[in-house]
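Peer 1: show me how the following folds:
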Amino acid sequence: MTEQTNQIQKLMDVCLLAGDIMLKSGAETFRVEDTMMRIAAAFENRPSQCFVMPTGIIFSIDGADPTKLVRVSERSTDLQKVADVNHISRQIANGELTLSEAYQALKGVEKAGLAYSHWIRILSAAIASGCFLIMFKGVWHDFIPACLTGGIGFAGLVYLHRLIQLKFFSEFLASLIIGLLAFGFVGLGMGQEFDKIIIGSVMPLVPGVLITNAIRDLMAGHLVSGLSKGAEAFLTAFAIGTGIAFAFAL
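Peer 2: Numbering: from 1, shown residues only. Below is the predicted model of the structure:
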C-alpha cells in the first residue's frame, strides 16, 4: 500500500510539474488539462480530475489523498517549453519513459533558459515596429523612426517591468514613451506621420497570444480562464491606449 501511495504521489508531482511549466509558458488552459490527464492515464488506470486557472492548478487522482494545488504567479510566452512538455507527454503515453525519467526530463525543461535574450527581443521589436508601419500603409521615410520608437519603447517595458511589478503601469509608461518619441521625431522633421509611427511601435506590446488563448479557452468551454485572460488582455490594451492618450494630452 505504501509503495502504491508513493507511486501515486510521484505521478501527481509529474503531472503538476508538466502543467506548471506549460501554464507559465503561455499554453492554453484546455491544453494544460489535456496533457496532465493523458500523463496520469498512461501510468494509472484510475480517473483523474484537473482544474486549471491562469493563477493555479488543482489536481487529484480518484482514491488518492490529498488533492494537490500549485500556485502560478508569473506567466510569460515560451512556446518552445510548451512543445518540449508535449513531446515528453507523448513519450510517456508511448511507454518510453518511466516516472523518474519523466520527472527529470521535465525538471530539465523547467530549468532550461530557452527564452531569447533581452537584446534580441528589443531588436526584434524594433524591426517588427518598422514592418508594421509599412503594413499599415506608412511611408518608408518613417521606417527608421518607427524602428527606434518601437525598440526604445519595448526596452522601456523590459526595464520598467523589473522596477514595477504591476504590468499595467510598466505598459502604460512604455506606451507613454512611444507616444512622446513619435511626437519628437515628427517635430524634429525626422518623421512624417506620427499616427502610423505610434501604431507600428505599439504592436510589439499588444497581447496577441493572450487574446488568442482567451478566445480558444472560451470556445473550449473554459469560461473562467477565458474571461480572466480576456480581462488581462483588456487591461493591457487599456494601459497602452491610456499611455498614448496621455502623450497626446502632453
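Peer 1: ok, Leu250 - how many residues close by?
Peer 2: Residues near Leu250, counting by other Cβ atoms under 10 Å, number 9. Quick note: C-beta positions are derived from backbone N, CA and C, even for glycine.
Peer 1: and what of Glu33?
Peer 2: Glu33 sits with 22 neighbouring residues when counted by other Cβ under 10 Å.
Peer 1: and for His118?
Peer 2: Residues near His118, counting by other Cβ under 10 Å: 12.
Peer 1: OK, contacts around Asp62?
Peer 2: Neighbour list for Asp62: 46-49 [criterion: Cβ atoms under 8 Å, 6 or more residues apart in numbering].
Peer 1: which helix runs longest in the chain?
Peer 2: Using DSSP state H to define each element, the chain has its longest helix at helix 223-249.
Peer 1: avg pLDDT for it?
Peer 2: Across helix 223-249, pLDDT averages out at 87.
Peer 1: helices and strands around that helix, which ones?
Peer 2: Applying 3 or more Cβ pairs under 8 Å, 6 or more residues apart in numbering; DSSP states H and E, we find helix 223-249 packed against strand 48-53, helix 167-187, helix 194-202, helix 208-219.
Peer 1: deepest of those, which one?
Peer 2: Each of the helices and strands packed on helix 223-249 was scored by mean neighbour count; the highest is helix 194-202, a mean of 24, by mean count of other Cβ atoms under 10 Å.
Peer 1: can you dump the C-alpha atoms of that one in PDB for me?
Peer 2: Taking Å, rounded to 0.1, in the frame of the first residue of the first chain, the C-alpha atoms of helix 194-202 are listed here in PDB:
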ATOM      1  CA  PHE A 194       3.100  60.300 -36.100                       C
ATOM      2  CA  ASP A 195      -0.100  58.200 -36.000                       C
ATOM      3  CA  LYS A 196       1.400  55.500 -38.200                       C
ATOM      4  CA  ILE A 197       4.700  55.600 -36.200                       C
ATOM      5  CA  ILE A 198       2.700  55.100 -33.000                       C
ATOM      6  CA  ILE A 199       0.500  52.300 -34.400                       C
ATOM      7  CA  GLY A 200       3.600  50.400 -35.700                       C
ATOM      8  CA  SER A 201       5.500  50.900 -32.400                       C
ATOM      9  CA  VAL A 202       2.900  49.700 -30.000                       C
END
